[in-house]
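Chemist: Quick check, what structure comes out for this input:
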Amino acid sequence: MEFKPETLANVHARMAHIKAHSNHSFSTNYFRQEMVGQQILFTATDQTIVLANDEYDFFRLYFFTSDLADLGQVLHHVRYPGDVVIGYLTKKFDKTVAAAFEQGGFLPTAIYGRMETYQLPRQLPNPALDYAVASDADQLH
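Modeler: So this is what the prediction gives:
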């Protein structure tokens, strides 16, 4: 498998097609966030799309899949355009996503726990604060 240049608009259309033809849920780490440049690299099967976004020194991978086993196969067989990283944020560890990443040769390097507290004091707006405006630009550091 090879990565090919594609526009985000066309990739979004392919994602919609996968979503419409899936009998179950899908997994993704792409949420239409801004990417560098107008064209990105992609590779796909009928169930999976993998995007490679050039972030200057490396490529960041994004995926959209209705079949995590297929994602693992794509990650294993695709020829990467350079150094790549892939990440997946979730509330709970998902062993099927981790298995797909490992099948592709990726190993976890960081797992972060989430810390929560509901004991913070309630913050109220301060009407005495003034916000910077364009004419203040030369005074900001």
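
Chemist: so where's the longest helix in this protein?
Modeler: helix 8-20 (DSSP state H).

Chemist: Show me what it is packed against.
Modeler: For helix 8-20, the packing partners by 3 or more C-beta pairs under 8 Å, 6 or more residues apart in numbering; DSSP states H and E come out as strand 39-44, strand 48-54, strand 59-65. Backbone N, C-alpha and C define where each C-beta goes, glycine included.

Chemist: Let's have the ones you listed in TSV, adding distance to residue 105.
Modeler: Output for these, formatted as TSV (distance: least, C-beta to C-beta, whole Å):
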stretch	distance to residue 105
strand 39-44	15
strand 48-54	13
strand 59-65	12
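
Chemist: got a markdown table for those, with distance to residue 30 and mean pLDDT too?
Modeler: Shown next, in a markdown table, are the helices and strands packed on helix 8-20 (distance: least, C-beta to C-beta, whole Å; pLDDT from 0 to 100):
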| stretch | distance to residue 30 | mean pLDDT |
| --- | --- | --- |
| strand 39-44 | 10 | 86 |
| strand 48-54 | 6 | 92 |
| strand 59-65 | 4 | 92 |
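
Chemist: so what's residue 102 closest to, chain neighbours aside?
Modeler: Excluding its sequence neighbours, the residue lying closest to residue 102 (C-beta to C-beta, 6 or more residues apart in numbering) is residue 72, at 7.8 Å.

Chemist: rewinding a little: off-centre distance for the longest helix of the chain?
Modeler: 15 Å (C-alpha atoms, centre = their mean, to the nearest Å).

Chemist: Then stretch 76-96?
Modeler: Relative to its parent chain, stretch 76-96 has a centroid offset of 9 Å by C-alpha atoms, centre = their mean.

Chemist: got it, and stretch 8-24?
Modeler: Taking C-alpha atoms, centre = their mean, the mean C-alpha location of stretch 8-24 is offset from the chain mean by 16 Å.

Chemist: got it, and stretch 15-25?
Modeler: Distance, stretch centre to chain centre, for stretch 15-25: 18 Å (C-alpha atoms, centre = their mean).

Chemist: what does that stretch rub up against?
Modeler: Residues outside stretch 15-25 that contact it (C-beta atoms under 8 Å, 6 or more residues apart in numbering) are 26, 30, 46, 47, 48, 49, 64, 65, 66.
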